[in-house]
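Student: no sequence for this one, just the structure:
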């Protein structure tokens, strides 16, 4: 409704300049013939909980026009997708996004060209009317009744996902402890694995289970699925439909995330990604806003590792954003994140892998760096724009978003003080 | 009301065992003759916002019987003080703890034997009916009207503090930025100093201004008063009533906090402390629960540095707890924190400083370590208990708290689902 | 030769005081009946390379009287063992400690009551006359000939270990990369596993292979066995004689090492320990000198986890120190490390595990902390001293070392400017 | 000698392609008219100690053809400068680079077009024949005689610098402690300041003193000039010729270095830079190899801050590389570092500061990020190449270095196993 044929005018105005840039890069750089196709196929799921203003434990500064329900969340993602044609999926969080009418919701999403990516369970908060509390954990809990409640919730989430056409469940557990002594690490691990096995048993044959890990927060001494090694050892115990999910902000300081990505891929246990960026902890900032080179290095491993296994870049891993927007317009932030992810992917596709392997085999470290940085230093904005253009999106989605005054329209529609369900 | 003469029975039952332990340590260790007196004089202020369950950005799991207003907060601190006789002050946070009847509040506190420690301003959250938002900062804000509003709030806080008999203002600013480029660091610094100067100008002659620093959170790229050096450079620009306040959880990983404490003391610019403990960030855990040796090393510097300046341990710095209780009973947590702080202080008082300086002058590093660890390895629980006993407190405050079923009484009084004002 | 019957006099002088303390703790604390026996059985291996002054990349400040050869290293460990009766093993590093006469060396060690703990291979340095360089790695190297050389070296180390009666091989690899792009992480991993399989195939049936991990240094971008998850996934691929070895200084900032220890034990894949302490990185400081509570928490997991599997505390894991002494006398430093380790072990044995499990099952976090801290706050020095006394060691090994003027004797014997082989 | 007229052929071959790229960027981006001039004026000093292979405490893998003396070091820097015309200064380290014939050395440098940047003193190592040891510090030492020796050394370094035409002294102190208790922080600080005052008194009127700080290493518990706040408080006590020097690798994890840079500039106390990059600690890797965006953000502050004070970019701060080359050819590494620094500077010059300030004043965080990233995403390689071209350097210095087989020539000249004086 918002974008309409303004997009055509927008692109018409920018086309000549774009074509000049696109011609230049094609004349300068050896662009793989399938690069634009790969960029076009690469869709990034938008998390329903990132469409509203986030917050910290110290407070939350609301924005305006935030979606008040699932329908409006779908509309927001539809809007992003209309602008960039690269946000063609939404990832739901249950019970925040529970629906009693999945058929209507599916139809609505289809109208916007959206698929349903992984569904997320929530056992890190207590809901009103919830029988038992997750204060001391969920799948790890010492009380079997709490574990059972949490398992049942996950099974219910799978069911809702089936109804919507989702094909994967993301399990993020805040389970852990705040103080030394609080937890028997071993038993907590074993109880968690047992609970996960029950959830896994309820998984349809064509589904995947993603087990996310996180170093700390909200528990401040230990987290039961705290690092990739813990997630990896658990998914190995579950079976071939279970995978580790990597969230870029969930590591200890200085962790080499790209190496972790590479090894999980090699082991056939990488399931998907939560993109964001951070300087200190799980800061949930815009992808590429703090460490764009790291984002590129991660994609460099993804491309290399997926190609080595003959995987389909677009389909065989789950690509999701997980972010929180404290000071930016959520939709603008997501446009920035998607573009940064696409650029990192495009740069990774430009890496001369034959030369890189040759340099590695010659221990020519200087050349290895030159090869990576040559790709990273290349201005790939016109490649990403070309992919958008071919898909029917805007050459400059952010400019169009602003020119159309979309946020103001949303505020008029929904009100200046709204709060999205979720965090 | 709760403690009454149960305390007498409690102590009577434990007295013989205590005296045996106390006699033993006196026979084994050279206890400075004024150690017990110093322990008795050392009062630790309880923050009004730590009397209820805290939370994280992911959620909050309420406890029961939490104080619903300032009167009940005072009652809670009074209870702690009745148990340990070492929590003889309360630190208020405005506007959470604003009162229209300071005379009555003062009288109530006096009944519990409580003084009013530093008052805290709050410009990191928006209050209902607040004219301008602090979303993009307060004292650093680009808009002079926002800065003026924040300055006025601080002046109002000073006024409320005067009415209650407080003698210091703690300013903690969340001001900073979430993304590179958002802030002109230099101008933000300068605007902040200018704002602080206006607040400082409103400070009574016998007051202190404490400027707290924090590395990150809730801003995730920069914080305008982000480290001790920034606070130090600012308080130097304000004047002799302005000091730096150290919160143990507000540092980058691996920071040597004890060295910072020592240098600030040397420079005459250490104002006070927010005690807590942490493993990852500003985790606000119970003092001494993660790194008790670090707590001891900090007190080792405090004792050494204050003695070098002839300062009064009990009076010349502000001693406050700042904590958040996600999984513990807040009152029990505070009892544990106070005891851990007292133990660290007692151990620091046991350090043989003459021998330590001699070992340092001889570069006898092994001996230096032995001297510190001899003090730290000493079981000082009976010293702390003796101080409590002489003050009229309980030999084992935690046991008494539990034996008396205080939490249950509070729940019956106040309800099972309450939420304290504050975070 | 040095200690002789001075030890008898030393103990005689201190006996009464010791017995008073030992009686007191027995009257105050419920000491498990087998605690002293366990302490006596618990021997900590001394690394041959820690008997001389270490250094950093910025320089090295030699001490005097350092051992010039393997015989003198054995003498030094023998001396430590004579003093504390708890350092009854030496861990050798090949080729630094290669010998052509293992029979004589074994006999010499036996005279001092010493066994040979794990032997260590060295493929992180180039030796004079070495055919191929390890500049770009060893077991991971792109050149099969380098890998073969490194494998052969490890097999040679096993052979030397067999000759001396060792039963385990510790493999620490510096293999990794300094710059993004330098290494194909996946292939480096695979080549490393292949190389390890060749070494593993040469392992006698009653031997163990310990695979150490390290986050960074000397490689500053990636390390191929970089964290516990990487080591764990590798030893799983090798077989049941392969285990992960934990060095306390080899983690990213803020890592929860005690949780890692617990999980590796649970998985049957913890092989042993390198004790030391650190504030920033692999600082190799005296055990317990920076974070004594962490050391206790690790032992708390070790005792719990080993007991859960019915393991023998003294025999079923490898207990080794790995340290570097830049500013302390190496022998004094090792005395301090051994004592700190024993104290942490003793405190862990004092933990009331029945009460702890009960508190955990009740989610009584406050009680969990009290139970751990009650053990940690207990002054166990007299328990450790009693174990030493019963074994024939000194009540105060450090005092005896100094009273005997041992370092001066060593300097007279060996010279004021010596440098031990090794780092 | 090596470069000669090969450079002409090299450039001739690449000129057309370069001109095409340079024309394109000029047609696409608003290039400030003085940008190329500023790039040409911006010279980066090469440290004499980085011309040979570095090492770690675990070992060192020599390269070939390394300079064996000061003359050969000057030749190496001259070679770099011939290639890139941007390395027109050398920074010496005394006593490694002491000379008895400064006139000849000056003449040699002049032949290569090189100036002498800051001279560096060394009180972190003991030299043969040195009377007193720096094992326990230098300017902080408890023994006045050691302090005096260290002060004298610094004065001697100044004298040597005067003879060569240097105008600044860089003081980096490893002084600190390895263990809690070892040091009286306060007295160490005071002794250090007193020592620095003596050095400062010997400083010529037109000289600057740069006081470097470092968080840790080689001391692993405390460093006496450990962070910017400590350096800042010290240089304030010295006088207007004393400044803080920032080395990018000398911070705690996650430090916001660009903010520190901005504040030091604001306070008039930033003296200069040691460029390098790091992932974990003081890794001394190639500038821009790990966090190129951070390098850009730092330059963004430098440009903004220097312009705000009307400073000359090229002259008013000290620009130096400090690096160590463990796996790369040192000269190739330095070429990469210089280019990365120039690119970051060029990108910072492209930032639209008017728009940025407007966005900041509007709290338009999204726009602030877009403005910075627009500059960062611009491929500025042709701008840097143009500056080199105009200066008479090579369009592709690395390619020319390799095409000319310079390293092989150096090996033939100097030998395959050489070791530069220095680390």
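Tutor: Received, thanks. From a predicted model like this one, the values you see are computed outputs, not experimental measurements.
Student: C-terminal to the longest helix seen in chain A, what's the next element?
Tutor: In chain A, taking DSSP state H as the definition, the longest helix is helix A:6-28. Next helix or strand after helix A:6-28 toward the C-terminus (DSSP states H and E): helix A:35-41.
Student: buried set for that following helix?
Tutor: When burial is assessed from 16 or more other C-beta atoms under 10 Å in any protein chain shown, helix A:35-41 yields the following buried residues: A:35, A:36, A:38, A:39, A:40. Just so you know, the C-beta spots here come from the backbone N, C-alpha and C atoms, and that holds for glycine as well.
Student: with stretch A:265-278 instead?
Tutor: A:265-267, A:269-278.
Student: mind putting those into TSV with secondary structure and distance to chain B?
Tutor: Below are the buried residues of stretch A:265-278 laid out as TSV (DSSP: H, G, I helix; E, B strand; the rest coil; distance: C-beta to the nearest C-beta, whole Å):
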residue	secondary structure	distance to chain B
A:265	helix	28
A:266	helix	29
A:267	coil	28
A:269	coil	26
A:270	strand	25
A:271	strand	22
A:272	strand	21
A:273	strand	20
A:274	strand	15
A:275	strand	16
A:276	coil	11
A:277	strand	9
A:278	coil	7
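Student: ok so, going back, elements contacting the longest helix of chain A?
Tutor: Judged by 3 or more C-beta pairs under 8 Å, 6 or more residues apart in numbering or on different chains; DSSP states H and E, helix A:6-28 is in contact with helix A:381-391, helix A:397-403, helix D:6-28.
Student: which of the ones you listed sits most buried?
Tutor: helix A:381-391 (a mean of 22; mean count of other C-beta atoms under 10 Å in any protein chain shown).
Student: would you confirm that residue A:48 contacts residue A:95?
Tutor: No. The pair residue A:48 / residue A:95 is not scored as a contact, 11.8 Å apart, by C-beta atoms under 8 Å.
Student: so between these two, which is more surrounded?
Tutor: Shown here are residue A:48 and residue A:95; by other C-beta atoms under 10 Å in any protein chain shown, residue A:48 has more neighbours (25 against 16).
Student: quick check: closest non-adjacent residue to that one.
Tutor: Nearest non-adjacent residue to residue A:48, counting by C-beta to C-beta, 6 or more residues apart in numbering or on different chains: residue A:73, 4.7 Å away.
Student: wait, is the one you found part of a helix?
Tutor: Yes. Residue A:73: assigned to a helix according to DSSP: H, G, I helix; E, B strand; the rest coil.
Student: can you pull up the bridge partners for the residue lying closest to residue A:317 once chain neighbours are set aside?
Tutor: Residue nearest to residue A:317 in three dimensions, not counting chain neighbours: residue A:272, with 5.1 Å by C-beta to C-beta, 6+ apart. Beta-bridge pairing for residue A:272 (DSSP bridges): residue A:245, residue A:318.
Student: re earlier: quick one: which of the buried residues of stretch A:265-278 is nearest residue A:254?
Tutor: Each of the buried residues of stretch A:265-278 was scored against residue A:254 by C-beta to C-beta, and residue A:278 proved nearest at 12.2 Å.
Student: distance check, residue A:267 against residue C:230.
Tutor: 11 Å (C-beta to C-beta, to the nearest Å).
Student: can you pull the contacts of the closest residue to chain D within the stretch 101-250 of chain A?
Tutor: Using C-beta to the nearest C-beta, residue A:249 is the residue of the stretch 101-250 of chain A that sits closest to chain D, at 12.4 Å. Residue A:249 is in contact with A:274, A:276, A:277, A:278, A:281, A:282, A:283, A:284, A:322, counting by C-beta atoms under 8 Å, 6 or more residues apart in numbering or on different chains.
Student: need the three-state assignment for it.
Tutor: coil.
Student: ends of stretch A:301-318, what's the gap?
Tutor: 15 Å (C-alpha to C-alpha, to the nearest Å).
Student: identify the residues contacting that stretch?
Tutor: A:38, A:41-43, A:45, A:117-118, A:168, A:170, A:208, A:210, A:245, A:258-259, A:261-262, A:265-266, A:268, A:270-273, A:345, A:348-349, A:351, A:353, C:184-186.
Student: distance between it and the chain's centre?
Tutor: 16 Å (C-alpha atoms, centre = their mean, to the nearest Å).
Student: repeat that for stretch A:46-53.
Tutor: 11 Å.
Student: contacts only, for the residue of the stretch 1-150 of chain A found nearest chain D.
Tutor: Using C-beta to the nearest C-beta, the closest approach of the stretch 1-150 of chain A to chain D is made by residue A:24 at 5.3 Å. If you count contacts by C-beta under 8 Å, 6+ apart, residue A:24 has them with A:382, D:24.
Student: how does it look with 7 Å?
Tutor: For residue A:24, the contacting residues are residue D:24, by C-beta atoms under 7 Å, 6 or more residues apart in numbering or on different chains.
Student: gap between it and residue A:18?
Tutor: 11 Å.
Student: tell me the confidence at residue A:422?
Tutor: For residue A:422, the model assigns a pLDDT of 66.
Student: can you pull the contacts of the residue nearest the centre of chain A?
Tutor: The centre of chain A sits closest to residue A:320, judged by C-alpha atoms, centre = their mean, with a distance of 1.9 Å. By C-beta under 7 Å, 6+ apart, the contact set of residue A:320 is A:45, A:47, A:91, A:117, A:118, A:272, A:273, A:274, A:275.
Student: coming back round to it: pipe the contacts of residue A:249 into CSV and attach pLDDT and distance to chain C per row.
Tutor: Listed next are these as CSV, based on pLDDT from 0 to 100; distance: C-beta to the nearest C-beta, whole Å:
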residue, pLDDT, distance to chain C
A:274, 97, 19
A:276, 98, 19
A:277, 98, 17
A:278, 97, 15
A:281, 96, 10
A:282, 96, 13
A:283, 95, 16
A:284, 96, 19
A:322, 96, 22
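Student: please name the nearest non-neighbouring residue to residue A:70.
Tutor: Distance criterion C-beta to C-beta, 6+ apart; nearest residue to residue A:70, sequence neighbours excluded, is residue A:97 at 5.1 Å.
Student: am I right that residue A:46 falls within a helix?
Tutor: No. According to three-state DSSP, the state of residue A:46 is strand, so it is not within a helix.
Student: residues in contact with residue A:76?
Tutor: A:51, A:67, A:331.
Student: need the strands for the stretch 201-350 of chain A, in chain order.
Tutor: With strands called from DSSP state E, counting those that start in this stretch, the stretch 201-350 of chain A shows them at A:208-212, A:222-223, A:242-247, A:270-275, A:318-321.
Student: JSON lines for those, including distance to residue A:337?
Tutor: Formatted as JSON lines, the strands of the stretch 201-350 of chain A follow (distance: least, C-beta to C-beta, whole Å):
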{"stretch": "strand A:208-212", "distance to residue A:337": "18"}
{"stretch": "strand A:222-223", "distance to residue A:337": "25"}
{"stretch": "strand A:242-247", "distance to residue A:337": "13"}
{"stretch": "strand A:270-275", "distance to residue A:337": "6"}
{"stretch": "strand A:318-321", "distance to residue A:337": "5"}
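Student: residue A:392 contacts residue A:85, correct?
Tutor: Yes. Taking contacts as C-beta atoms under 7 Å, residue A:392 lies within contact range of residue A:85: 5.7 Å.
Student: tell me which of the two has more neighbours.
Tutor: For residue A:392 versus residue A:85, the count of surrounding residues by other C-beta under 10 Å is larger for residue A:85: 20 against 12.
Student: quick one, what contacts the more buried one?
Tutor: Taking C-beta under 7 Å, 6+ apart, one finds A:388, A:391, A:392, A:393 in contact with residue A:85.
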